[in-house]
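Q: next come a sequence and a model predicted from it.
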Amino acid sequence: MTDLFQSAGLEQSAPRPLADRLRPRTLSEVVGQDHLLSETGPLGRMVAQKRLSSIILWGPPGVGKTTIARLLAEGAGLEFDAISAVFSGVADLKKAFDRARARRASGSGTLLFVDEIHRFNRAQQDGFLPVAEEGIITLVGATTENPSFELNAALLSRCQVMVLKRLDAEAMERLLKRAEGLEEASLPITAEAREGLIAMADGDGRYLLNLAEELFSLKLEKPLGLADLADVLQRRAPVYDKDREEHYNLISALHKSVRGSDPDAALYWLARMLAGGEDPLFLARRIVRMANEDIGLADPTAVHAALAAKEVYDFLGSPEGELALAQAVVHLACAPKSNAVYTAYKAAMRSAKSTGSLMPPKHILNAPTKLMKSEGYGEGYRYDHNEAGGVSGQNYFPEGMERERFYEPTDRGREAAIKERLEHWDKLRR
């Protein structure tokens, strides 16, 4: 199989990045993806049987998608052909399909690897269907985005989706040991800084090896500590796309942490989103929603705290105003929880849509004219402030409509007292 540097027109003696020199030569050398590549894993079984179906490799950057595709081609006895959706168009796809047809005519199969396949539009994605179904190519697409959202249903139905995992600390440590073995030297950092280096790479094996290569190139008299590591290495921002799946994953984690009354987890997810560059006002709007949806009348001050945080942020801006968002998140996470109003509103909306245009009962209608009085408007109305306890117990639902119970307060926070009052008023109505 052609070496990557040879295919790029470079000599073997040319300097090669550490990540390329450590590129796995067999599937067993790929770290962190044993759930797919072991003998019992789906890809391991395919290679053992030399029967490779079209697949989508979904996972974060730097976990081995390109390497796995290349090794799958080798293991299945297929020619490897690669294109990138970032740089390719319809003409490039046609050329790739023509090359695959020519190989098929000579008795060879083709694994067509499409990097960033989600960047192709729907019409381009549809172009893979006939050539894959005819067996002209075995398609292996790679994507960092959720295929459910980014790929055509027709294409997904013809491919198995394999989920690659973010590399954990153990897998990253294995990569560092391999790098030290190849360089025949230890990384010039302390044990604490080594852990910091792994955390800095954020699950991206390729980035970790790039950082390691930079450290190997330094001529240090003594090992770097954790405090000095960030000064020496340029740390990249956490992987976070504000308009992609990561955005929705993290806001879901924040919302559910608040709902689950976990202020520490809620603060962590808030910080993750702010560190990733999320719009603080988007977070402020979501915090207000949490106050109404998950806390409601169990703590009526929650929504005021949420709105106050937005006002403080508007007044101070970043980074000082972000503390107000953090305070609101902690308030909400620690507050008693109730979705009773949220549930009641949805039930009332369903009832309103199903009952049409029923009029209110006449006794609660105003009667500003003689005609309206003669029609019975306002007749029999009892002014609640004049009643014992301030509640008359009259019916306020439309005539002919059975009374419904939408709001069921909990026994948590201030709703406990509300629940007692409603039970008392129910007895008056009965």
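A: Arrived safely. Not measured: the values here are computed from a predicted model.
Q: does Leu111 touch Leu78 like I think?
A: Yes. Assessed by CB atoms under 8 Å, Leu111 is found in contact with Leu78 at 4.2 Å. C-betas here are computed from N, CA, C, even on glycine.
Q: which neighbours do these two share?
A: By CB atoms under 8 Å, 6 or more residues apart in numbering, Leu111 and Leu78 have these common neighbours: Leu52, Leu72, Thr138.
Q: how about Arg101, what does it touch?
A: Counted by CB under 8 Å, 6+ apart, Arg101 has contacts Ile136.
Q: relative to Ser351, how far out is it?
A: Distance of Arg101 to Ser351, given as CB to CB, to the nearest Å: 62 Å.
Q: could you turn the buried ones of the shared contacts of Leu111 and Leu78 into a ChimeraX selection?
A: Burial among the shared contacts of Leu111 and Leu78 is assessed by 16 or more other CB atoms under 10 Å; the matching ChimeraX selection reads:
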select :52,72,138
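Q: reformat the shared contacts of Leu111 and Leu78 as CSV; add secondary structure.
A: Shown next, in CSV, are these (DSSP: H, G, I helix; E, B strand; the rest coil):
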residue, secondary structure
Leu52, coil
Leu72, helix
Thr138, strand
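Q: which one of the shared contacts of Leu111 and Leu78 is nearest Gly376?
A: Thr138 (79.3 Å; CB to CB).
Q: and the closest one, bridged to which residues?
A: Leu111 (DSSP bridges).
Q: point out the other helices and strands that the helix or strand harbouring Gln327 packs with.
A: Remark: Gln327 resides in helix 322-334, with elements defined by DSSP states H and E. When contacts are defined as 3 or more CB pairs under 8 Å, 6 or more residues apart in numbering; DSSP states H and E, helix 322-334 sits against helix 245-259, helix 263-275, helix 280-290, helix 301-316.
Q: circling back to that earlier point, more neighbours: Leu111 and Leu78, which one.
A: Leu111 (25 against 21; other CB atoms under 10 Å).
Q: which residues does the residue nearest the centre of the chain contact?
A: Taking CA atoms, centre = their mean, the centroid of the chain lies closest to Asn249, which sits 2.5 Å from it. Asn249 makes no contacts at all, as judged by CB under 8 Å, 6+ apart.
Q: these two touch, right, Val163 and Pro60?
A: No. Look at Val163 against Pro60 with CB under 8 Å: they stay out of range, at 10.4 Å.
Q: neighbour count winner among the two?
A: For the pair Val163 and Pro60, the greater number of neighbours falls to Pro60 (16 against 12), based on other CB under 10 Å.
Q: so for that one, what's the nearest residue that isn't a sequence neighbour?
A: Nearest residue to Pro60 in three dimensions, chain neighbours excluded: Arg166, at 5.1 Å (CB to CB, 6 or more residues apart in numbering).
Q: then Leu297?
A: Glu415 (5.2 Å).
Q: how far away is that neighbour from Leu93?
A: 60 Å.
Q: who has more neighbours, these two?
A: The neighbour comparison of Glu415 against Leu93 (other CB under 10 Å) goes to Glu415, with 25 against 19.
Q: ok, which stretches of the chain are strands?
A: 55-58, 79-84, 110-115, 138-143, 160-163 (DSSP state E).
Q: take those strands and lay them out in a markdown table including mean pLDDT and distance to Glu39.
A: Below are these laid out as a markdown table (pLDDT from 0 to 100; distance: least, CB to CB, whole Å):
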| stretch | mean pLDDT | distance to Glu39 |
| --- | --- | --- |
| strand 55-58 | 95 | 18 |
| strand 79-84 | 94 | 23 |
| strand 110-115 | 95 | 21 |
| strand 138-143 | 95 | 20 |
| strand 160-163 | 94 | 16 |
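Q: skipping adjacent residues, who's closest to Leu270 in space?
A: Val329 (5.3 Å).
Q: next up, the contacts around that neighbour.
A: Leu254, Val258, Pro263, Ala266, Leu267, Leu270, Ile287.
Q: again, only using 7 Å
A: The contact partners of Val329, by CB atoms under 7 Å, 6 or more residues apart in numbering, come to Val258, Ala266, Leu267, Leu270, Ile287.
Q: same thing with His363?
A: Here His363 is in contact with Gly378, Glu379, Gly380, Tyr381, Gln394 (CB under 7 Å, 6+ apart).
Q: buried ones among these?
A: Tyr381.
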